[in-house]
Structures are given as structure tokens and as C-alpha cells.
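J.: Sharing a model that was predicted from the sequence below.
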Amino acid sequence: MQRHHICGAVTAAITIAVVACGPTPSTPSTSGTAHFPVTITGTNGASVTIDKQPRRIVSLSATATEMLFAINAGAQVVAVDDQSNYPASAPMTKLSGFQPNIEAIASYSPDLVVAVDDTAGLVHGLGALSIPVLIETAAKNVDESYKQIEQLGEATGHTADAASLEKKMQTDLAAIVATIPKGTRQLKVYHELDDTYYSATSATFIGQVYALLGLKNIADGAKASAGDYPQLSAEYIVSSSPDVIVLADTKCCHQDLSTVSARPGWSSIAAVKSKQVIGVDDDIASRWGPRVVDFLRALAPHVKQLGQQAA
Amino acid sequence: MQILARFSRPARAEPGAVLQGLPRLPWLWATAGAVVLLAAMVLGVLVGPAHIGLGTVLQALVAPSAVDPAQASILWSLRIPRVVLGAIVGAMLASAGAAYQGAFRNPLADPYLLGAAAGANLGATLAIAFAPGSSLIGVNLVPLAGFVGAGAAVAGAYALGRTVTGLRNTTGLILAGVAIAAFFNAIQTYIQQSQTNSVRQIYSWILGRLVTAGWEGVLLVLPYVVLSVVVILLHRRLLDALSIGDDEVTSLGISARRVRLIVVIAATLGTAAVVAIAGTIAFVGIIVPHTVRLLVGRSYRVVIPLSLLFGAAFLVLADTAARMVAAPAELPIGVITALVGAPFFIVVMRSTRAAAL
């Protein structure tokens, strides 16, 4: 029941939803070496074969790092990139996922590399050294995120852990969503990425998270040509008068309720008047890992309160 | 286009006549510039991603308290200051461009010639990457760092040019500017690439940011721009003399180097101020003065005041387009200035057969 609720709320993931919301993954749920070698098709469409259970994983993706540690594969991780600041026990290095240096990565003698994109000839370069590279691109919704957790479970020999993490996330998310009162006026949200008003539409992961809470995203008013992360006009934000403002620029740009209130013209926005300006951790809001549950949990009380006021 | 050609004909002054003859400000063109600027500003105030009717706008201008407070605040706190800032920035960049072209006797000179843009970008990048959200005596650190960076780059280029060539010619100075700009750009790129967290903010800053403009920005740049423009306007005759040769200025008993230095300092001061607030908007400083030259005449007594008016109008229109084309999303204003400005410039150049260049 709860699983169906989530799947229903996530609209865009037609194909992925079939995979993620079907029966529990059919791969053997043993933690160990039994199911190797395994071939996985990364989210970029390229398949990668992993011959035996990896013991020296290098993660160049902050989200993948969070997922790996959450499925108990952390002990197999020898190095993570300079953005992987969570969990604290992750072995952070100066490796860069944006400008990967093949030699520097190879110096960790990895038997699996996980990255967000195949930039700077990463797959080709590491392929020449017979190092498998699994690409897990930015998820567009929660179901794609589950799929990546499953894939990382298969790639590391932690399918059971991955399945239980997925189940826990689904249960938690459903429980949070269930606290939101139904049938009230649809609340509007503005998600802020930086202090020049870049935002994210519902075509993004974070946008889909707002959809879970039944919020209307004002960034969806932007034309498709403006991309999934449009820069919005201040006038538009003010005239849309969102009920909730979520600041994902608390770390980068030190924004909070007081700085937002001080912006010219912003005092007339509903969210500013009712002080529903919520600062969140930039990192959590920009990743698609297990901590999406924390993000939703922080947001839900505000939405609930507003919903009750409206009712 | 025939009309354009007809208007431009009287401007083909003989080289010797530059100082004595024709070049007084043609009042017809000055009036046209003022009308175009006014029309651009009216348009800029009337249209925007938030739909506010003509009646409401007029009412908000006359009696703001009678209008819905949300709409009044959109107009008075967001749209109008943005239009005003656009006009100031456009006027400054275009007149600074003309001043640089005169001071260096180089048609390709623009306000960023001596590294002002590279310096501003580096300063802003450093502030965004290493001191996010901090401010100094109540002023956000980012524009301050941009301003200081622009000034430092130009000062560096000037010092370098002087030690190398002793300022006997402008080529040494221009090359010093190129070197400084390349050096600053390299550092800026390195920081941008190594601070992946702030890439989007840095990028957004470089592309220009009238988006967040308020009266605060207007008040911040206005003193510098007024000072800069006044000094440039006062030197328009000397720039005409300079366009014939350094000797022409020296024969008037004035040091050509000093004229050049004062004009460059003034133009840089204004440029640094507007770049610090609005980012490095490209192309305005080149195409506006040249369009004026092609259409009206090449005397700086004509080019500088008209560049001021048309530059302001051009940037207000470009910013209106930046707000409206993808509304409610924004387009970077630098994209508009180049995308619309370049073809327009080519049309003007072709229709006048580059006679005035």
C-alpha cells in the first residue's frame, strides 16, 4: 500500500517505476561472492562487468559514496572524491569527480570506480587499465535513486543490504508523506539554489521530492528551453508569492530568513510573511541519496502546519 | 538603410577638419538618443514576467499607496531599479569604450582592454570561493572584490606598460593589458575549476547579474559613474586632438601621456564600478561607439555623448529581452547584447560601407 502510494506520486518515472516498484529484486540476496561475476548496465546505458567482489572501490560521486556506506559497503571503499563529505568516515581524498585524473585514481589500485559522469575520458582511460567503471548519473526521481542503490548493491555484493535500505526509505518516505493533510489548497514552493535565483523544476530529483509532498513548484512556470535548473526573475518569484521557500544555498551563499527578508520587494511574499523560509543543507538538497528522507522529514512539519492553517 | 546612409554622409569629415570643422553635437541625434532612451526605459518598466497592467503601472508611479502592495513593490523595488541600473551600466560601458578607443587610438579597444574584466572576475571569484556571504562595512564582499580586482588589473597593466616601453606608445600598454588579463584569467579559471561547489555562482556572476539589482546597486555605482562620465566628457576635445596624434595634444601645451592616463583612470573607475555590480557584460563598449561613429561621425565630441545615450538605451532593451524571452526564466544579458548587437552592427557597417572607420 505504502509502496504504491510513493510510486503513484512519482509521475515521471514510467519505465523505471516498473523496475523499482515491482517485486523485490530477484538477484540473490546473499552478501558475498556468490553472484560474481556480475554485469550491470549503468544509468548511462554502458554495461560493466565486475569479475569478483570489489575490495578497493573508488567513489567519485558524493551521492554514490553515501549510498555505498548506507548499504554497508563502506569497508570496501578505499578513496572518495573531494566532494564526498558524508559520512564522516568516508576516506575523502583530493580526487576530483569533475576533472578526474586517471593516474591519480589508478594509484589507489581500485577494482571498481563509481562516478556520476564519464568526463575527461574516465571510462576509456581506466578501461585501458582493466578497471571497471560504473556510471550512476544524477537521478531524476526517487525510483531512479532506488535503482542506483540496487545496482550498487549488486556491484559490491550487498544486494540484501540494498534491498533493505530501499524498503526502509520507502517506508519512511510514505510515513512522512502520510502526515501531510490532504484536500487543502495546493501550496507553492520555491527552491533556491543560489542567491541569483537559480531554481529546479519538477523534472529534477529535488523537484520530484516536492511533488511527493504535493507542493506546486513555481520553477515549473519556466519554459522548457530554460532547462531543468532555470534562473528565475525576481519579479516572477515575488509575484508567484510562494508559501514555502527552501534555501539550498545556506552553505554556498549564507542565505537565511533575514537575508531573504532584506531582499528588495521580497517582504510581500507569503513565505516571508509567515516565516516559512527553510534553510537546508546544500549538500543534502543537491544529492539523490538515502538522506532524501532527512530532507523530507525537515520539510514536512512546515508543509503540515501550512496545510492545517489553510484548512 | 538609405536613410541611415543619408544621415551618415555629412559625417565624412576630412581628417584635417576633425578639430575645427563639423564636429559639434548634432542636436537632432542627441534628441533622438534621448527619445530612444526614454522609450526603452518606459518599455522596460511596462513589461516584465509579472503581469502588471498599464493602468496599475501609471498609478504605482503617481500614487504607490493606492496599488496592491505586492505589485507596487515589484515595480518600485525590482523592475524600476533594474531599468535604471541597466541604463547606468549601458551608458558607462559605452562611453568608457569610446574613451578607451580614443585614448589608445585603437578601434578594437573596449573597457576591458587593460584587464578590467579579468581583474573583476578574479576578485569576485576569490570572494565567492573563499569568503562566501561575507561583507565589509555593510557592503557585500563580492562586488567590492570585483571593483578592487578591476582596479588592480588596470593599475598592474599600466605599471607594467610603463616599465617596458616608458609609455612612448600605446602598443606596450595594450600588450601589458593582454598579458595581465591572460594571467588573471588563468588564476581565475584555476580557482573556478578547483572550487567545484561555487562554479555556478562564479559562472552566473561572470555572465552578468542585473537579476538581483535593487536601489542599493544603483546608489553604489552612481557616484563612480557620474565622476567617470564627467571626466570623460570634459576630455572629449582632447581625445579628438589625440586621435590625430600625440603631437597634436603636445602642441596645445598638454602632455599626451597625462591625458591618456586621466582618461584611462576615469574610464576604468566607472567600468570597475558597473562591472562589480552587473558582471562583465560584453560587447556594449565596442559596438555602441562604433555604431555612433558610423551613423553620425567620428569626433569624440559626438561619439561620447551619443554613446552614453544609445548605450543606455541599448542595455535597457537588451535587459528587457533578457527578462522576457524565456520568462519567467532569465537569459544572461551578455548573450543578448552579443546576439542582437552583432548582427545590428554588421548591418550598420554594411549600409554605411565603413566610411567612417
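T.: Arrived safely, thanks for sending. Numbers count the residues shown, from 1 in each chain, chains lettered A, B, ... in the order given.

J.: Name the spans of chain A whose pLDDT lies under the cut-off.
T.: By pLDDT under 70, the weakly predicted segments of chain A are A:1-34, A:183-184, A:311.

J.: hmm, 80 instead?
T.: Residue ranges of chain A with pLDDT under 80: A:1-35, A:120, A:182-185, A:223-226, A:252, A:309-311.

J.: what do you get for the stretch 201-350 of chain B?
T.: Flagging of the stretch 201-350 of chain B using pLDDT under 80 yields the residue ranges B:201, B:204-213, B:245-246, B:249, B:326-328, B:345, B:348-350.

J.: ok, which residues in it are in contact with chain A?
T.: B:201, B:204-205, B:209, B:211-212, B:214-216, B:323, B:326-330 (CB under 8 Å from any CB of the partner chain). Heads up, the C-betas are built off the backbone N, CA and C, glycines and all.

J.: Does stretch B:26-43 reach chain A?
T.: No: contact of stretch B:26-43 with chain A (CB under 8 Å from any CB) is absent, the minimum separation being 15.0 Å.

J.: what residues are up against residue B:196?
T.: A:82, A:83, A:96, A:98 (CB atoms under 8 Å, 6 or more residues apart in numbering or on different chains).

J.: And for residue B:267?
T.: Residues in contact with residue B:267, defined by CB under 8 Å, 6+ apart, are B:95, B:96, B:99, B:100, B:103, B:111, B:228, B:232.

J.: re earlier: quick one: buried ones out of the residues of the stretch 201-350 of chain B next to chain A?
T.: The neighbour count (16 or more other CB atoms under 10 Å in any protein chain shown) marks B:201, B:204-205, B:209, B:211-212, B:214, B:216, B:323, B:326-330 as buried among these.

J.: Which one of the contacts of residue B:196 sits in the busiest neighbourhood?
T.: Counting neighbours by other CB atoms under 10 Å in any protein chain shown, residue A:83 comes out on top of those with 23 neighbours.

J.: hmm, back to that, ok, and which of the contacts of residue B:196 reach chain B?
T.: Restricting the contacts of residue B:196 to those near chain B by CB under 8 Å from any CB leaves A:82, A:83, A:96, A:98.

J.: and the closest residue to residue B:117 other than its chain neighbours, how many residues sit next to it?
T.: Counting by CB to CB, 6 or more residues apart in numbering or on different chains, residue B:117 lies nearest to residue B:280, which is 4.1 Å off, once chain neighbours are set aside. Here the number of neighbours of residue B:280 (other CB under 10 Å) works out to 23.

J.: So which residue is dead centre in the chain?
T.: Picking chain A for this. Geometric centre of chain A, nearest residue: residue A:288, 0.9 Å, by CA atoms, centre = their mean.

J.: wrong one, chain B
T.: Residue closest to the average C-alpha location in chain B (CA atoms, centre = their mean): residue B:93, at 1.1 Å.

J.: Pull the contacting residues for residue B:89.
T.: So residue B:89 contacts B:210, B:221, B:274, B:277, B:278, B:281, B:315 (CB under 8 Å, 6+ apart).

J.: Now it: which helix or strand?
T.: Here residue B:89 sits within helix B:80-104, counting by DSSP states H and E.

J.: quick one on the thing from earlier: name the nearest of the contacts of residue B:267 relative to residue A:49.
T.: Checking these against residue A:49 with CB to CB, the nearest one is residue B:111 at 57.0 Å.

J.: Please determine how far that closest one is located from residue A:127.
T.: Per CB to CB, to the nearest Å, residue B:111 is found 48 Å from residue A:127.

J.: Who has more neighbours out of the two?
T.: Ranked by neighbour count (other CB under 10 Å), residue B:111 and residue A:127 place residue B:111 first, with 31 against 13.

J.: I'd say residue A:148 and residue A:68 touch.
T.: No: if you go by CB atoms under 8 Å, residue A:148 and residue A:68 don't touch, sitting 10.5 Å apart.

J.: Looking at the two now, which is surrounded by more residues?
T.: Using other CB under 10 Å as the criterion, residue A:148 and residue A:68 rank with residue A:68 on top: 30 against 25.

J.: wait, is that one part of a strand?
T.: No: according to DSSP: H, G, I helix; E, B strand; the rest coil, residue A:68 belongs to no strand; its state is helix.

J.: What's the local residue count around the residue in chain A that chain B sits nearest to?
T.: Going by CB to the nearest CB, chain B is nearest to residue A:254 of chain A, at 2.7 Å. Using other CB under 10 Å, residue A:254 has 15 neighbouring residues.

J.: where's it, which helix or strand?
T.: Going by DSSP H and E, residue A:254 is not in any helix or strand.

J.: quick one: it and residue B:141, what's the gap?
T.: From residue A:254 to residue B:141 the distance is 11 Å (CB to CB).

J.: tell me, what's touching these two both at once?
T.: By CB under 8 Å, 6+ apart, residue A:254 and residue B:141 have these common neighbours: residue B:134.

J.: just the helices in chain A please.
T.: A:2-9, A:14-20, A:62-70, A:102-106, A:122-128, A:142-156, A:159-178, A:205-212, A:234-240, A:257-262, A:270-273, A:282-286, A:292-310 (DSSP state H).

J.: which helices and strands sit right next to the fourth one?
T.: Meaning helix A:102-106. When contacts are defined as 3 or more CB pairs under 8 Å, 6 or more residues apart in numbering or on different chains; DSSP states H and E, helix A:102-106 packs onto helix A:122-128.

J.: What helices and strands are in contact with the helix it packs on?
T.: Counting contacts by 3+ CB pairs under 8 Å, 6+ apart, helix A:122-128 packs against helix A:102-106, strand A:112-115, strand A:133-135.

J.: so of these, which one's packed in deepest?
T.: Greatest average neighbour count among the helices and strands packed on helix A:122-128 goes to strand A:112-115 (a mean of 28), per mean count of other CB atoms under 10 Å in any protein chain shown.

J.: Please state the offset of it from the chain centre?
T.: Centroid displacement of strand A:112-115 relative to its chain, using CA atoms, centre = their mean, to the nearest Å, is 17 Å.

J.: which neighbours does that strand have in its sheet, and in what orientation?
T.: Sheet pairing for strand A:112-115, assigned by DSSP bridges, gives strand A:57-59 (parallel), strand A:133-135 (parallel).

J.: Next, format these as TSV and append distance to residue B:252.
T.: TSV is the format used below for the strands paired with strand A:112-115 (distance: least, CB to CB, whole Å):
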stretch	distance to residue B:252
strand A:57-59	71
strand A:133-135	69
